[in-house]
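Trainee: no sequence for this one, just the structure:
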């Protein structure tokens, strides 16, 4: 780690909760787009860690944004995209300071970034204003070595959508699910791969269900689609949240659904894989105006869930970085919807 000052705000967390889910049985209450927690949960207190606010050495802050990306390349963290055209915000872990990079060539939001060496790939993004955002027709890349943006290959017109879950495996980027018509509807169960070496696209087997406003995670040859919603649900503007976890088997082009759903349904979550756990942080749902602060961990080997210490500030529409034995989350939105946009960063030691 660099020398960035870490200060504490709020009350000390004495303990967090671990939730272990048994498989759902007929008649048990599960979540069905409500954001409520399933009743098939046992709990005990075990975890006394707490998220810490990270203050910069010189008082610098990132540009506030949400529906954006937060990712690391080497020892630097990058906030990219978001509603409007926002310059890249760069956090140097060695100096503990934020700086500004260039603006993207177009408005890019609602995407999960993929890091390939020094480049950050953006695909499956939306552009334009709420609620009629449109899918971005090309891949865009930000080169962290040269601090420049570039328009890449076209995304096949018939398969364009935004708010997809994206991961890198080998020489291919996998793009899962998503939504075509902004926040109005036409959510998809599609899966596609993009070959970085040939520039070719391949249509893969459809997922078991549609979802958008989520992030995918790669673990041991499987891609996990966790959380999210079917935006444009008739229930509420933030309804249609999804509990079941679906896993795509890359080697066989097949899908399975895990027996245990996510304990707290929400969309706009941040996700990463760390120390054998799939971590899902933050989000938004119809059950509360504040963004969610929950951090929940799925063990892909056992299919069980644990509750990790909650964020100091609930937030949605950002990313989760695993770096140097710690987790980081920055920016995002503090309430469901579009405001307030945050400039804070938090850290949790593993």
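Mentor: Looks like it came in fine. A quick note: this is a predicted structure, and the numbers were derived from the prediction, not measured.
Trainee: contacting residues around the nearest residue to residue 101 once chain neighbours are set aside?
Mentor: In space, and not counting its chain neighbours, residue 101 is closest to residue 88: 3.2 Å by Cβ to Cβ, 6 or more residues apart in numbering. Every C-beta, even on glycine, is put in place using the N, C-alpha and C of the backbone. Counting by Cβ atoms under 8 Å, 6 or more residues apart in numbering, residue 88 touches 78-80, 100-104, 142.
Trainee: look up how far residue 284 lies from residue 88.
Mentor: Residue 88 sits 24 Å away from residue 284, going by Cβ to Cβ, to the nearest Å.
Trainee: and if you look at residue 228?
Mentor: 11 Å.
Trainee: any residues in contact with both of those two?
Mentor: With Cβ under 8 Å, 6+ apart, residue 228 and residue 284 have common neighbours residue 267.
Trainee: number of residues surrounding the nearest residue to residue 123 once chain neighbours are set aside?
Mentor: Spatial nearest neighbour of residue 123, chain neighbours left out: residue 139 (4.6 Å); criterion: Cβ to Cβ, 6+ apart. Using other Cβ atoms under 10 Å, residue 139 is surrounded by 22 other residues.
Trainee: quick check: which element contains residue 139?
Mentor: Residue 139 belongs to strand 138-143 when assigned by DSSP states H and E.
Trainee: quick one: the contacts of residue 88 as a markdown table, columns for neighbour count and pLDDT too.
Mentor: Putting the contacts of residue 88 into a markdown table (neighbours: other Cβ atoms under 10 Å; pLDDT from 0 to 100) gives the following:
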| residue | neighbour count | pLDDT |
| --- | --- | --- |
| 78 | 23 | 99 |
| 79 | 28 | 99 |
| 80 | 26 | 99 |
| 100 | 13 | 98 |
| 101 | 18 | 99 |
| 102 | 11 | 99 |
| 103 | 14 | 99 |
| 104 | 22 | 99 |
| 142 | 26 | 99 |
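Trainee: looking at those residues, which are in strands?
Mentor: Among the contacts of residue 88, the members falling in strands (DSSP state E) are 78-80, 100, 142.
Trainee: out of these, who's nearest residue 166?
Mentor: Nearest to residue 166 out of those is residue 80 (Cβ to Cβ; 13.4 Å).
Trainee: pretty sure the closest one is touching residue 104, no?
Mentor: Yes: the pair residue 80 and residue 104 qualifies as a contact (Cβ atoms under 8 Å) at a distance of 7.2 Å.
Trainee: nearest residue to residue 282 other than its sequence neighbours?
Mentor: Nearest non-adjacent residue to residue 282, counting by Cβ to Cβ, 6+ apart: residue 315, 4.8 Å away.
Trainee: touching, the one you found and residue 290? I think so.
Mentor: No: Residue 315 is not in contact with residue 290 according to Cβ under 8 Å; the separation is 9.6 Å.
Trainee: show me the contacts for the residue nearest to residue 123.
Mentor: 121-123, 151-155, 194.
Trainee: at 6 Å instead, please
Mentor: Residue 139 sits next to 123, 152-153 when contact means Cβ atoms under 6 Å, 6 or more residues apart in numbering.
Trainee: by neighbours, which of these wins?
Mentor: In these, the most neighbours by other Cβ under 10 Å go to residue 123, 26 neighbours.
Trainee: hmm, back to that, quickly note the distance from the residue nearest to residue 282 to residue 269.
Mentor: 10 Å.
Trainee: common neighbours of the two, please.
Mentor: Residues touching both residue 315 and residue 269 (Cβ under 6 Å, 6+ apart) are residue 282.
Trainee: now do the phi/psi pair for residue 157.
Mentor: When quoted as degrees, to the nearest 10, the phi and psi of residue 157 stand at phi -60, psi -40.
Trainee: run a quick neighbour tally on the residue nearest to residue 282.
Mentor: Neighbours of residue 315 (other Cβ under 10 Å): 30.
Trainee: just residue 132 next, same as before
Mentor: 11.
Trainee: ok, it touching residue 182?
Mentor: Yes: between residue 132 and residue 182 there is a contact under Cβ atoms under 6 Å: 4.7 Å.
Trainee: in the stretch 51-200 of the chain, which spans are helices?
Mentor: Secondary structure of the stretch 51-200 of the chain by DSSP state H, counting those that start in this stretch: no helices are present.
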